[in-house]
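In: Structure, please.
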Amino acid sequence: MVKVKESPMNQSDRFRVIETTTSWARGSEPTKPMTPPPDPPIKTIVYIKTGGKSLGFSVCGGRDSRGGDMGILVRNIDPNGLASQDGRLKKGDEILEVNSQSLRQSTHKEAASIIRVSHRHF
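Out: Residues are numbered from 1 along each chain as shown. Reported below is the predicted structural model:
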């Protein structure tokens, strides 16, 4: 079982302006900030691994990432893997946990190991 937070890049409102600031003339009202978009939905995906087929996705990120502390993100999806056939996992989605084991504070190496070991139990 993989718990995933959808990437904001997969949502239709990915280019929505979160806050605007403007100057205003005396007696006019300032522009109110727009409401930030809601958190992306969290989805649970269950893969049943059969016939030696791989889960078919790679990850990047982690608390030791060159870009700073970040979540474990889906980097690529193999077109021949289970994730591609299922269609729900998307590039850029954040992997929150695998088989109830949290990846939220994992390094890249730790997350890759958890996914590699856990895929035998899908």
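In: Now do the helices in the protein.
Out: With DSSP state H, the ranges of helices along the chain come out as 82-86, 108-118.
In: would you turn these into JSON lines with distance to Glu97?
Out: Bear in mind the C-beta positions are built from the backbone N, C-alpha and C, glycine included. Shown next, in JSON lines, are the helices of the chain (distance: least, CB to CB, whole Å):
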{"stretch": "helix 82-86", "distance to Glu97": "16"}
{"stretch": "helix 108-118", "distance to Glu97": "9"}
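In: Looking at those, which is nearest to Gly67?
Out: helix 108-118 (11.3 Å; CB to CB).
In: re the thing from before, of all the helices of the chain, which one is nearest Glu94?
Out: Closest to Glu94 of the helices of the chain, according to CB to CB: helix 108-118, at 10.8 Å.
In: returning to what we had before: looking at the helices of the chain, spot the one closest to Arg63.
Out: Closest to Arg63 of the helices of the chain, according to CB to CB: helix 108-118, at 8.5 Å.
In: how about stretch 85-105: buried residues?
Out: Within stretch 85-105, the residues that count as buried by 16 or more other CB atoms under 10 Å are Leu89, Asp93, Glu94, Ile95, Leu96, Glu97, Val98, Leu103.
In: now stretch 72-89
Out: For stretch 72-89, by 16+ other CB under 10 Å, it's Ile72, Leu73, Val74, Ile77, Gly81, Leu82, Ala83, Leu89.
In: The residue nearest the centre of the chain: what's it in contact with?
Out: By CA atoms, centre = their mean, the chain has its centre lying nearest to Glu94, at 1.9 Å. Contact analysis of Glu94 by CB atoms under 8 Å, 6 or more residues apart in numbering lists Val4, Lys5, Ser7, Gly61, Gly71, Ile72, Leu73, Val74.
In: The spatially closest residue to the second one that is not a sequence neighbour bridge partners, please.
Out: Right, Lys5. Among residues not flanking Lys5 along the chain, Glu94 sits closest, at 4.4 Å (CB to CB, 6 or more residues apart in numbering). With DSSP bridges as the criterion, Glu94 is bridged to Lys5, Leu73.
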